[in-house]
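Colleague: Have a look at this fold, sequence not included:
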């Protein structure tokens, strides 16, 4: 491997009718490296994910420039365009997805392999962004452990590639009309993004209509610069303003750097802030020929990284996800650096040995395209099978196969989307309010409260009381609670309090993950408990945090332990427990409950003792307690519900 890349650059130049610009490959390096570093070390480049937005601008610019130039020459063919896209996108993608699947087969429990299968199927037909929208994150791997989560951006690009060429053909080759329509579409998409983001951040992030404006900025730039592009001089017609071009280029680099190091995951995204890296990327493409372009973007290392940026983007995320799974979240710095190096090496090998021969080779082109389509279709089918088979549980040893739950055994009782509100919901369905019987017990909390509901409902039927359910995903049951990723937490909690005020239940049980800072929990309880008391509720119970588990949850820990020891994880253990957090916060919540004059029930004290926390219950320890890191299985829901209800005075026993 070396940075003297004339052959690579020449191949790129021959591959596109637009003409090759080294500085754009350098800009690709500026985009991909912060993304990779952010995924490895988020604090090092807190806004590194904005590199994806730069990729969008580059893609829109290059694709539109190629199409428009061919349309002007009368040589554009939609079939040839899609054939080029297949040869460009499919080879590296197939290699990465296949490798990811094989590793997943070896190390993932069924629930996680089922999720991976869903993502493979979605990735194969480029709808990964919609797949991620349809998934309830609590039932899947954490985001950084979804090996193919990053394919959402590729899906948006491919969706754009499907629609945009057809639209350009309808518009025609008249540049001014094309530019006007492109500008109007970009403005409409940006407005949609700004409207949707505050109340439905996930939709703004994943929907193509709210991300299209970034690609359209690049497309509009290509149309505006039509006929001006050159590798040797400034694309933008500013021949008498060299100093201005230098200033614009420096300002663009500063803007992009500002986004990388001053923005973070707490910055609303995509949104008005996203304009900074998007316009910065557009300015760098437009100016060209400056010192920044000649000595930074066109430098051999930058161009080299740019040339392998696509396979590097593909490889780095699954490798990091599997590293986090292997090291149970706490990946050593040396290991993550090794993953980055491995990603670069694999990207280079993929580019040289897989992508270039298929993309640039002139022989057997129809056969190559047919093979790529067949390969991608096969992967998609395998992904569907992995999903429909619930992660191929037959590959798991008999001794632990029964513990490999996917959550559906319990979550089917949660009333998702009705009484467990999802990210875009703030109103509960009528059935959540109970049937009108007395006494009435209301449970208020997050998805952990939803996992407690089946047990409460069971004993309600058995003992003769009614149950109301107010569960809000990723939202602590506290008035005024704010979660940037869940903008509707506040109105949903307000709605829960409104119903409690109207229903006046005999008992309100607060239950959740309680993953809060002490001060945040204290202030939230001080706001919330007096309001519930004022509603006329006679008995208020705070149920403390349950035992939770590191890594990908209890089933994955059982699987890892079995592979290492060939024995089943003990019924009680501290292995991969997070009791170092649960124990002190349990005590803290007990103090707050006493101070506020309400009852407290410690779930931890029932499920944990000196030998560890419960992993298995029931006859011969045949039932696990959680199907992930902390959501209760149905048997565990019965166990915890009995413990909580037995501590509540005045309820039928």
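Modeller: Cool, got the structure. Values in this document were obtained by computation on a predicted structure and should not be read as measured data. Numbering: from 1, shown residues only.

Colleague: Make sure I have this right: residue 443 is in a strand.
Modeller: Yes. Assessed with DSSP: H, G, I helix; E, B strand; the rest coil, residue 443 lies in a strand.

Colleague: Looks like it contacts residue 469 (just checking).
Modeller: Yes. Counting by Cβ atoms under 8 Å, residue 469 is a contact partner of residue 443 at 5.7 Å. To be clear about C-beta, it is placed using only N, CA and C from the backbone, and glycine gets the same treatment.

Colleague: any shared contact partners between these two?
Modeller: Counting by Cβ atoms under 8 Å, 6 or more residues apart in numbering, the contacts common to residue 443 and residue 469 are 449, 453.

Colleague: how much space between the most centrally placed residue in the chain and residue 552?
Modeller: Centroid check for the chain by Cα atoms, centre = their mean gives residue 143 as the closest residue, at 4.6 Å. Residue 143 sits at a distance of 12 Å from residue 552 (criterion: Cβ to Cβ, to the nearest Å).

Colleague: how far out from the middle of the chain is stretch 591-608?
Modeller: 34 Å (Cα atoms, centre = their mean, to the nearest Å).

Colleague: now what about that stretch, what contacts it?
Modeller: With contacts defined as Cβ under 8 Å, 6+ apart, stretch 591-608 is touched by 521-522, 525-526, 529-530, 539-547, 572, 579, 582-583, 586, 589-590, 613-614, 625, 639-640, 643-644, 647-648.

Colleague: what domains does the record give for this protein?
Modeller: Domain assignment for the chain by automatic domain parsing gives 6-72+149-363, 406-548+579-608+634-646.

Colleague: Burial check on the residue lying closest to residue 122 once chain neighbours are set aside, number of neighbours?
Modeller: Leaving aside its sequence neighbours, residue 122 sits nearest to residue 131 (Cβ to Cβ, 6 or more residues apart in numbering; 3.6 Å). Counted with other Cβ atoms under 10 Å, the neighbours of residue 131 add up to 22.

Colleague: the helices in the stretch 551-653 of the chain, which residues?
Modeller: For the stretch 551-653 of the chain, applying DSSP state H, counting those that start in this stretch gives helices covering 554-565, 579-596, 603-607, 634-646.

Colleague: Which parts of the third one count as buried, going by neighbours?
Modeller: In other words, helix 603-607. If you call a residue buried by 16 or more other Cβ atoms under 10 Å, then helix 603-607 has these buried ones: 603-604, 606-607.

Colleague: so where do the helices sit in the stretch 151-300 of the chain?
Modeller: Using DSSP H, counting those that start in this stretch, helices in the stretch 151-300 of the chain cover 151-171, 175-196, 201-206, 208-224, 242-262, 275-287, 291-292, 300-307.

Colleague: which residues of the protein fall in strands?
Modeller: Counting by DSSP state E, the chain has strands at residues 420-421, 440-445, 466-472, 507-511, 539-543, 572-573, 599-601, 608-609, 612-614, 616-617, 623-624.

Colleague: relative orientation of the fourth one and strand 440-445 in degrees?
Modeller: Translated: strand 507-511. Angle of strand 507-511 versus strand 440-445, following axes from the mean of the first three to the mean of the last three Cα atoms, to 10 degrees, is 20 degrees.

Colleague: What helices and strands are in contact with strand 507-511?
Modeller: For strand 507-511, the packing partners by 3 or more Cβ pairs under 8 Å, 6 or more residues apart in numbering; DSSP states H and E come out as strand 440-445, helix 447-463, strand 539-543.
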